[in-house]
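*Asks:* sequence? don't have it. structure:
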């Protein structure tokens, strides 16, 4: 059945896969969230990466089932999502700034306790960051029509969702492993206050921009 269906859709699927990969490669909140956690612990970095990947699958499912279209039609809903997402990123920036001043480890307190957070708690962080960005809704609404139509087979929709999930998983896991590698961790330990301050600036910058773009 798959071999009968794919010839008609494979080019569109590959186009969407490439668009999704480019979107992930572009630096943003996901990149900062994973790198800031992976330099402290590979496990929590991978946890954040998994949460982002699950969030990607949720948005893909929402777009293919029409939920994203409904959300985008209610400006108040997207404003609330953007406000929550921007506020959360600013809060992470504040925590990172505090760690840069105190020279302490950057922890997502309130998400998994004051100690190093668990894998599950780290996954929740990644999931929240991915789901609380209203621009993601617009992205999926822009690319899904390349594949999805009234007569699109269910198997193609499944391939779209699963493929995007594994693309997200591959890229963000790669980031987690790269930033948790020995040389990177050594550099982080040597310049911890300065690097934590840079993380803080990016978190707050992305948060403020998200709030501004949502409200404007």
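*Replies:* Noted; the coordinates are in hand. All figures in this text were calculated on a predicted structure; none of them were measured in a lab.

*Asks:* how about residue 121, secondary structure?
*Replies:* helix (DSSP: H, G, I helix; E, B strand; the rest coil).

*Asks:* Please read off the pLDDT at it from the model.
*Replies:* pLDDT, residue 121: 89.

*Asks:* Likewise for residue 12?
*Replies:* 84.

*Asks:* Isn't it up against residue 147?
*Replies:* Yes - between residue 12 and residue 147 there is a contact at 4.5 Å, judged by C-beta atoms under 8 Å. For glycine as for every other residue, the C-beta is placed from the backbone atoms N, C-alpha and C.

*Asks:* so where does the closest residue to residue 17 other than its chain neighbours fall, helix or strand?
*Replies:* Nearest non-adjacent residue to residue 17, counting by C-beta to C-beta, 6 or more residues apart in numbering: residue 163, 5.6 Å away. Residue 163 is located in helix 154-179, with elements delineated by DSSP states H and E.

*Asks:* residues in contact with the next helix or strand after that helix?
*Replies:* Remark: after helix 154-179, the chain's next helix or strand is helix 182-190, criterion DSSP H and E. Helix 182-190 has contacts (C-beta atoms under 8 Å, 6 or more residues apart in numbering) with 39-40, 178, 195.

*Asks:* ok so, going back, mind checking pLDDT for the residue nearest to residue 17?
*Replies:* pLDDT, residue 163: 94.

*Asks:* Show me the contact partners of the host helix or strand of residue 17.
*Replies:* Take DSSP H and E as the rule and residue 17 turns out to sit in helix 2-25. Residues outside helix 2-25 that contact it (C-beta under 8 Å, 6+ apart) are 30, 56, 139, 143-144, 146-147, 152-153, 155-156, 159-160, 163-164, 167-168, 171-172.

*Asks:* between it and helix 154-179, how big is the angle?
*Replies:* Helix 2-25 runs at 40 degrees relative to helix 154-179, counting by axes from the mean of the first three to the mean of the last three C-alpha atoms, to 10 degrees.

*Asks:* buried stuff in helix 2-25?
*Replies:* Using 16 or more other C-beta atoms under 10 Å as the test for burial, helix 2-25 gives 9, 12-13, 16-17, 20, 23-24.
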